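> okay, here's the prediction I keep looking at, along with the sequence it came from:
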Amino acid sequence: MKDAVTPRSALLVLGVLALGVLFITSYAGAFHAPKPKDVPLGVVAPARERGRVVDGLNGLPGSPLSARAAASRDAAVDRIRDRGLDGALVVDPRGSTDVLLVASGGGPSLSDAVRKVVTAAERAQGRDVRTVDVAPADPGDARGLSAFYLVVGWCVGGYLCAAILAVSYGARPADARRAVIRLGVLVVYAIALGVLGAVVIGPVLGALPGSVLGLAALGALVVCAAGATTFAFQGMLGILGLGMTVLVIVIAGNPSAGGPYPYPLLPPFWREIGPALVPGAGTWTARSIAYFDGRAMTGSLLVIAAWAVGGAVLTLLFARIDKADARRLV
């Protein structure tokens, strides 16, 4: 064993083993039992009925819904398109069939879950439900996963680009000048991958509607964020920094991104960390561009920009200090 495997290699293999276990734990933990929890749902009903309907929906076992009153059907539609609500129940006081408004563009699995919960609750009251999709997923995006896969591809491209540059001249740039050059190469690469990804997912495959220019700009930012984060981790930890990138972006970020199952269907841990990580913020923004006229994306764009800028600043910082000082900081 000593002739074939050095102690350093053995430690790296153990680290990879740990990442593999964490990968399985994170993905299985996030996806093995999705169920709705506190899904924001508007209720449009006459004043005398409103409180009863809201209380009834909020009192369902397991708290699948977080119902709140909406002034009118138009107001509910606006809030859904602003992504403040994931659905709305419009009660018909003159009949026995109510209308459920959903937005499958935000995730068909979430819309289906809301429909099932509301339909069961209405049936228990002797009422029927008719579903109206106010922001439907595109036919080429039937399962609503195109935005998620697009962002995952951008993230993978970003950290692989950074890793390849590290292989060429070392995990940590020798000086600030080389760090600036690496960041400049990353920006050019990010623009190219952002544009190509947007063109492929839109005009070529027809898998995602929305502004190609808007998606391309988002892609460039996501790639920069993933790449700069990788540079920063490599500057702090050397080759181990790539493992840290995999931990943050792949193991923690992808299953919490709200891809197959949007946030209200994820367990609490993944639901909380998702919006703060690049894959989650990127997936939310891509869906906003594609289906919600670019609404409700300021917060998620700021998250991605913070990763990009923070990664670049740390990359430059660690390029200016020697290895001994870097180890002491870590």
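Cool, the structure landed.
> C-alpha from now on. contacts and neighbour counts both.
OK.
> quick check: closest non-adjacent residue to the residue most central in space within the chain.
Geometric centre of the chain, nearest residue: Gly280, 1.7 Å, by CA atoms, centre = their mean. In this structure, Gly280 finds its nearest non-sequential neighbour in Ala257, 3.5 Å apart by CA to CA, 6 or more residues apart in numbering.
> surely Val129 is within a strand?
Yes. Assessed with DSSP: H, G, I helix; E, B strand; the rest coil, Val129 lies in a strand.
> hey, what's it bridged with?
Here Val129 shows beta-bridge partners Asp98, assigned using DSSP bridges.
> measure it to Val114 for me?
According to CA to CA, to the nearest Å, Val129 and Val114 sit 12 Å apart.
> got the CA positions of the host helix or strand of Gly153 in CSV?
Using DSSP states H and E, Gly153 sits in helix 146-169. The C-alpha coordinates for helix 146-169 follow below in CSV (Å, rounded to 0.1, in the frame of the first residue of the first chain):
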residue,chain,number,x,y,z
SER,A,146,-35.4,23.0,-18.0
ALA,A,147,-34.5,26.0,-15.8
PHE,A,148,-32.9,23.8,-13.2
TYR,A,149,-30.9,21.8,-15.7
LEU,A,150,-29.8,25.0,-17.4
VAL,A,151,-28.5,26.5,-14.2
VAL,A,152,-26.8,23.2,-13.2
GLY,A,153,-25.0,23.2,-16.5
TRP,A,154,-23.8,26.7,-16.0
CYS,A,155,-22.6,25.9,-12.4
VAL,A,156,-20.7,22.8,-13.6
GLY,A,157,-19.1,24.8,-16.4
GLY,A,158,-18.1,27.5,-14.0
TYR,A,159,-16.3,25.3,-11.5
LEU,A,160,-14.8,23.0,-14.1
CYS,A,161,-13.3,26.1,-15.9
ALA,A,162,-11.8,27.2,-12.6
ALA,A,163,-10.5,23.7,-11.8
ILE,A,164,-8.8,23.4,-15.3
LEU,A,165,-7.1,26.8,-14.8
ALA,A,166,-5.8,25.5,-11.4
VAL,A,167,-4.5,22.3,-13.0
SER,A,168,-2.5,24.5,-15.5
TYR,A,169,-0.6,26.7,-13.0
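> what residues sit buried inside that helix?
By 16 or more other CA atoms under 10 Å, the buried positions in helix 146-169 come out as 146-163, 165-166.
> tell me what the helix or strand just after that helix is packed against?
Next helix or strand after helix 146-169 toward the C-terminus (DSSP H and E): helix 176-199. With contacts defined as 3 or more CA pairs under 8 Å, 6 or more residues apart in numbering; DSSP states H and E, helix 176-199 has these neighbours: helix 146-169, helix 212-237, helix 298-320.
> now helix 176-199: mean pLDDT?
For helix 176-199, the mean pLDDT works out to 94.
> same check on stretch 302-316?
For stretch 302-316, mean pLDDT is 96.
> equivalent analysis for stretch 143-150, please.
Mean per-residue pLDDT for stretch 143-150: 95.
> go on, stretch 13-24?
Computed over stretch 13-24, the average pLDDT equals 91.
> in that stretch, which residues are buried?
Within stretch 13-24, the residues scored as buried using 16+ other CA under 10 Å are 19, 23.
> what's the answer for stretch 213-233, then?
By neighbour count on 16+ other CA under 10 Å, the buried set for stretch 213-233 is 214-233.
> please save the CA atoms from it in CSV.
Output of stretch 213-233 as CSV, limited to C-alpha atoms (Å, rounded to 0.1, in the frame of the first residue of the first chain):
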residue,chain,number,x,y,z
LEU,A,213,-30.8,37.9,-23.7
GLY,A,214,-32.0,37.9,-20.1
LEU,A,215,-31.2,34.2,-19.7
ALA,A,216,-27.7,34.8,-21.3
ALA,A,217,-27.0,37.5,-18.8
LEU,A,218,-28.1,35.3,-15.9
GLY,A,219,-26.0,32.5,-17.3
ALA,A,220,-22.9,34.7,-17.4
LEU,A,221,-23.5,35.8,-13.8
VAL,A,222,-24.1,32.2,-12.6
VAL,A,223,-20.9,30.9,-14.3
CYS,A,224,-18.9,33.8,-12.8
ALA,A,225,-20.3,33.0,-9.3
ALA,A,226,-19.5,29.3,-9.6
GLY,A,227,-16.0,29.9,-11.0
ALA,A,228,-15.1,32.7,-8.6
THR,A,229,-16.3,30.6,-5.7
THR,A,230,-14.0,27.8,-6.9
PHE,A,231,-11.1,30.1,-7.2
ALA,A,232,-11.7,31.4,-3.7
PHE,A,233,-11.9,27.9,-2.1
